[in-house]
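Engineer: quick one: sequence and predicted model below, then my questions.
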There are 2 protein chains.
Amino acid sequence: MPVAKGSTIDPARTRAAILEAATAVLYERGLDGVGVAELCSRIGVSKETLYRHFGTKEGLVEAMLRQRSERVVQWLAAAAVAAGDDPRDQLAAVFDALQQWYDDPVFRGCAMLNAAAQHHVETVRAITARHLDRYLELLTGIAERAGASAPQVLGRQLLMLVEGATVVAAHHGGAGAGEHARHAALTLLSAAS
Amino acid sequence: MPVAKGSTIDPARTRAAILEAATAVLYERGLDGVGVAELCSRIGVSKETLYRHFGTKEGLVEAMLRQRSERVVQWLAAAAVAAGDDPRDQLAAVFDALQQWYDDPVFRGCAMLNAAAQHHVETVRAITARHLDRYLELLTGIAERAGASAPQVLGRQLLMLVEGATVVAAHHGGAGAGEHARHAALTLLSAAS
DNA sequence: CTCGGATCGTACCGATCGGTTCGACCTTGG
DNA sequence: CCAAGGTCGAACCGATCGGTACGATCCGAG
């Protein structure tokens, strides 16, 4: 495992651990809801270490959002792939996966949207837009494979359902949100092919 | 106009003016993106006046969110009513109204959702939940009048489309978002009746 | 064993935060 | 005309913010 080159104690692992722990705290409490001092004590690291790895609180936030977007998208894509070859099954699997997320007690909505709602720094907004791009790519692919007449449009409509279901689950109760959205999505898919 | 009872200079108007001006600034920059001092100088009022009327920055935020929720919901409801008696026309009118909103250069997403994403104070989250309740009421009413077999479910699916379209418009470009959402909504309505 | 770099804990920095206070206006009801 | 109360502007408060500095410690490569 050629992780560390000229270092001690493996800084790469430290960085990864900070990222992991900080993600949980900042997602639960909000990006501006916890200061760097408290954040460091919660994740068990000194401020100097955190700043050496990420330079800035903003830097930490951006690294965290990028990692999280990557994971979420790949998780949904994997759920679709695991559902088999039928595009309808793939679409249903995406919403079933979302429902699992909504049922998680720590679920507090989409971290990228939450971040973009407060920090309108350009970088954060760009990460959020890229996140939606990835979602759209996944959904448009399903629409294409299902033979939709206008897969770009259908993909965007499905994206709205995904994001809308997440918003409703976060702020209006998540029970059944994934199922209702899945049913709507399959209806749109049927009507478009 | 019996606005002021035992006062001078009409404090009610002052309060309304503060609310109006603060809404614009806080919506554009974010609730935590502008301090009370700058906020006061931007809206042309002294800190003492602001604090006498609202007690707290939180109090101002809550009053502002309540007013905004009221206005938005009534605006959409009015658009639906103006569309005539056909529930399909009413539903289409809601999404047309949303598209107008998305086209506004100052559009930055749903203020209630943005607020709830940062301040997870209970009061703010309750205002947001109430806001979604009102939306749901409007949409479920349309679903009922259209003779949908499960108007509660359809209403919730339409709510997801409304919120999803708003999210997509805010973070991924608003062009055509209302139209695409409207088409999806009408498809769902057709399939459910 | 020794030396370098990663880490820690703490103290510290200037800036800004939300909120209070006060003296000086100014407007208006009586 | 006078007293009462809304408003202003600026000074002020303690707390907290993001970020830096430094000496002590600890670990692993040579």
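Structural biologist: That came through fine.
Engineer: residue of chain A nearest DNA strand D, please.
Structural biologist: Chain A approaches DNA strand D most closely through residue A:35 (2.8 Å), counting by Cβ to the nearest atom of the strand. Where you see a C-beta, it was placed from the backbone N, CA and C, and this is true even at glycine.
Engineer: quick one: secondary structure of residue A:130?
Structural biologist: Secondary structure state of residue A:130, per DSSP: H, G, I helix; E, B strand; the rest coil, is helix.
Engineer: residues near it, how many?
Structural biologist: When neighbours are counted by other Cβ atoms under 10 Å in any protein chain shown, residue A:130 registers 16.
Engineer: and if you look at residue A:27?
Structural biologist: The local packing of residue A:27 (other Cβ under 10 Å) involves 18 other residues.
Engineer: which helix or strand contains residue A:120?
Structural biologist: Following DSSP states H and E, one finds residue A:120 outside all helices and strands.
Engineer: that one reaches residue B:34, doesn't it?
Structural biologist: No. Between residue A:120 and residue B:34 there is no contact under Cβ atoms under 8 Å: 11.7 Å.
Engineer: related to what we said a few turns ago, what's the residue of chain A closest to DNA strand D sitting at in phi/psi?
Structural biologist: Torsion angles at residue A:35 (phi, psi; degrees, to the nearest 10) stand at phi -80, psi 170.
Engineer: do the same with residue A:45
Structural biologist: phi -150, psi 150.
Engineer: thought it was touching residue A:16?
Structural biologist: No. With contact defined as Cβ under 8 Å, residue A:45 does not count as touching residue A:16 (11.9 Å).
Engineer: can you list the domains in chain A?
Structural biologist: Chain A resolves into domains spanning A:1-55, A:62-192 when parsed by automatic domain parsing.
Engineer: now the last one: mean pLDDT?
Structural biologist: Here the mean pLDDT over domain A:62-192 is 97, rounded to a whole number.
Engineer: for DNA strand C, what is the nearest residue in chain A?
Structural biologist: Nearest residue of chain A to DNA strand C: residue A:14, at 2.9 Å (Cβ to the nearest atom of the strand).
Engineer: any chance of the domains of chain A in TSV, plus distance to residue B:63?
Structural biologist: Output for the domains of chain A, formatted as TSV (distance: least, Cβ to Cβ, whole Å):
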stretch	distance to residue B:63
domain A:1-55	22
domain A:62-192	20
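Engineer: can you say which of these is packed in most?
Structural biologist: Ranked by mean neighbour count under mean count of other Cβ atoms under 10 Å in any protein chain shown, those are led by domain A:62-192, which reaches a mean of 20.
Engineer: close to chain B, is it?
Structural biologist: Yes. Against chain B, domain A:62-192 shows contacts by Cβ under 8 Å from any Cβ of the partner chain at A:108-109, A:113-114, A:116-120, A:125, A:128-129, A:132-133, A:136, A:153, A:156-157, A:159-165, A:167-168, A:171-172, A:177, A:180-181, A:183-184, A:187-188, A:190-191.
Engineer: measure how far that domain is from the centre of its chain, please.
Structural biologist: The chain centroid and the centroid of domain A:62-192 are separated by 9 Å, computed with Cα atoms, centre = their mean, to the nearest Å.
Engineer: repeat for stretch A:176-193
Structural biologist: Distance of stretch A:176-193 from the chain centroid (Cα atoms, centre = their mean) equals 21 Å.
Engineer: contacts for it, please.
Structural biologist: Contact partners of stretch A:176-193, identified using Cβ atoms under 8 Å, 6 or more residues apart in numbering or on different chains, comprise A:87-88, A:91-92, A:95-96, A:98-100, A:102, A:142-143, A:146-150, A:153-154, A:157-158, A:161-162, A:164-165, A:168-169, B:153, B:156-157, B:160-161, B:184, B:187-188, B:190-191.
Engineer: make it 6 Å
Structural biologist: A:91-92, A:95, A:98-99, A:102, A:146-148, A:154, A:157-158, A:161, A:165, A:168-169, B:153, B:156-157, B:160, B:184, B:187-188, B:191 (Cβ atoms under 6 Å, 6 or more residues apart in numbering or on different chains).
Engineer: got it, and stretch A:13-32?
Structural biologist: A:34, A:39, A:42-43, A:45, A:53, A:61, A:64, A:111, A:115, A:118, B:32, B:118.
Engineer: hmm, the lengthiest helix in chain A touching DNA strand D?
Structural biologist: Counting by DSSP state H, the longest helix found in chain A is helix A:57-82. Yes. Using Cβ under 7 Å from any atom of the strand, helix A:57-82 reaches DNA strand D at A:57, A:58.
Engineer: mean confidence for the helix or strand harbouring residue A:24?
Structural biologist: For residue A:24, the element it lies in under DSSP H and E is helix A:11-29. Over the span of helix A:11-29, the pLDDT mean works out to 93.
Engineer: and the angle for it with helix A:57-82?
Structural biologist: Going by axes from the mean of the first three to the mean of the last three Cα atoms, to 10 degrees, helix A:11-29 is angled at 90 degrees with respect to helix A:57-82.
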